[in-house]
Structure formats: structure tokens, C-alpha cells
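[1] Sequence below, structure please.
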Amino acid sequence: MTAKSCLVAMTLLSFSFVCAASGSNSIGTISVRGDVLVDGHLIQSNGTLFDGASVETDHATATLRLENGTEITLATNSQGVVHRDRLELLRGESQLKTNGSSFLLEADDLHIAPNGPNTVGVVSLEASKTVNVTALTGELLIVDDSGSPLMHIAPGMPMSFGQATSPGEPYGTSITETGLVSEENGQFFLTTPQNLVDHTKYLLVGKDFHKMVNDKVVVDGKLEPSPTQKAIAEIDVKDIRVNGAAVFCNFPTGFAWCAAALAAGGTGLGVGIYEATKPGASP
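    Prediction:
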């Protein structure tokens, strides 16, 4: 007997799944505030979680505590499928807390993993298929299907990823990274502040960046797999700014942004764009 075929016994205070011991496959517990659906069954308090359970909230929230120490909170109007080693976020917002155990949060083919213990992050999936990722404490990683890191997200650096533009591509919108430009054998790299200790680099592609070597810059572009082992990912640069000013545009894709930057003199414009587009900003 599988977990989904278990009989459900529910009261206003608690519920339990009645299963044969050989088929229970328990992975943790769930606590709710209000009415929450688990595999289509209404619960109103606490219960046991099984591998592959679908959890859907309406006006309530749900906290999932897994046996490996991972804690997930589903916000109101959210839905996810929970497994022993991952959560598939189908709608809404979730908060992830980890004690260092290996765990993945999947949202629209984007794979997010905590990078070390005591990591807290928030991931939301909008109706437009935009995925918003924020690290509150510790660092989050965007990883590929094999678990190799593609991108680091540090606290205070929220990122948004749009729907994939082609089959097999994990995400399709531009990204923004801040770091130092360096040159090695004619190739240019961006080292981000959160990665200075382990010297993780992004390969910059799109233009000759000689004039920006050793400068702190803000790069807008698209993340791609890196062809070199010296970088964890390649950034196809649309524009790059030193001290807030646009100094390079990869026309025509960067035309609208670069024209606005040049017209405004560049100063402080990057901050204004971020404030206008970050999750939760007013239209």
C-alpha cells in the first residue's frame, strides 16, 4: 500500500495516515495554521508527511519539518510536492531552513541548493513563471542537473529568473552580478564579493574589457555554462557599469537599457532599476 492510498483519520486537532508499516515511507511532520490540503485531504493541525505528498495552502501557512533537519514553510496561496531530498514548488512562496543536509528546492526547472549549514532562503514562483530567489542568511546556489554550482546568491542580493526561452535551458532572463574584473591569457573574468575567498569566477563574454581590469563593476547579462574550468559559469554581457555608469552596451539587445543609462548620466541608475524591479516593489 502506498502513502497516497492510505486512509485518513482527521479531527479538528490532528490527523494521521493509517498505513501498513511496510508502505508508510514517512519523511517528517507538518504543522498548519488554518485549513491546508495534503494529497487532497483537509487538515487543520498536525500530521505525518510521506514522500511525494502534495501540500496546498489557501489562507493558511504550513511548516514542513523533515527528518534530515530541513524546515520548509509554505506561505498562503502556495503549493508544493515534498520529497525526502527536495521540494517541488508549483505555486507561491516557500522559506527554506537547513542544518547542512543536502536538499534541493525546484521551481520551474530552476534548482536552488543551500551552500552550507544555517542557511535560510526564500523562493517564490509567480504566475508569469518568474522565480525570485533571496538568501536571508548563508548562501544559496543555483545548480545544474548534476548539482554543480552555476551561480552564488549571497544575502542582500535577491535575484529573479524568467521562464526558459528554449528547451533544456534552465532559465532565460538577464542576471545582475557585482564584482572585480580580471584578465588571464586574453580572457576576462568577474570575481563576485561573496566568492573572493575561494576565487570562484565568471567568464565574461561579449566585448574587450581591457579598460575595466581591476575595476569594481555591475554586470547585466545572461548566464551560460562555462567552456573553461577557470570559471563556474559564463556571462554573456549585455551591459557593464563602473560606479553606476553604463560603459558598454551589446547592441541591439542592450539598446533600451543603455540609452536610458546614457541619457540619465548613469549615476545611481542601477540602484533605481533594482528598487523598481525587486520582488515586492510597487508598480
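[2] Low-confidence regions, the stretch 101-250 of the chain specifically.
    162-174, 193-200, 225, 232, 243-250 (pLDDT under 70).
[3] Which residue ranges of it form strands?
    Listed from the start of the chain, the stretch 101-250 of the chain has strands (DSSP state E, counting those that start in this stretch) covering 104-107, 110-114, 119-125, 131-137, 140-143, 149-153, 159-161, 175-184, 187-191, 201-205, 216-224, 233-242, 245-249.
[4] what angle do the third one and strand 149-153 make?
    With axes from the mean of the first three to the mean of the last three Cα atoms, to 10 degrees defining the directions, strand 119-125 sits at 100 degrees from strand 149-153.
[5] List the buried residues in stretch 98-110.
    With burial defined by 16 or more other Cβ atoms under 10 Å, the residues of stretch 98-110 counted as buried are Thr98, Phe103, Leu104, Leu105, Glu106, Ala107, Asp108, Leu110. C-betas here are computed from N, CA, C, even on glycine.
[6] Would you point out the most distant pair within these?
    Spatially, the most separated pair among the buried residues of stretch 98-110 is Thr98 and Asp108, at 21.0 Å (Cβ to Cβ).
[7] mind checking the end-to-end distance for stretch 152-160?
    Start-to-end span of stretch 152-160 (Cα to Cα, to the nearest Å) is 13 Å.
[8] I meant stretch 222-242, not that one.
    Chord length of stretch 222-242, first to last residue, is 19 Å (Cα to Cα).
[9] Show me what counts as buried in it.
    Along stretch 222-242, the positions that meet the burial threshold by neighbour count (16+ other Cβ under 10 Å) are 222-223, 226, 231-235, 237-242.
[10] again, but for stretch 56-75
    Neighbour counts over stretch 56-75 (16+ other Cβ under 10 Å) mark 56-57, 60-66, 70, 72-74 as buried.
[11] and Leu180, what are its bridge partners?
    Here Leu180 sits in beta bridges with Thr191, Lys216, as judged by DSSP bridges.
[12] circling back to that earlier point, please identify which of the strands of the stretch 101-250 of the chain is closest to Ser31.
    strand 119-125 (17.8 Å).
[13] quick one, what contacts the closest residue in space to Ser102 that isn't next to it in sequence?
    The shortest distance from Ser102 to any residue other than its chain neighbours is 6.5 Å, reached at Asp85 (Cβ to Cβ, 6 or more residues apart in numbering). Shown in contact with Asp85 (Cβ atoms under 8 Å, 6 or more residues apart in numbering): Asn68, Ser102, Phe103, Leu104.
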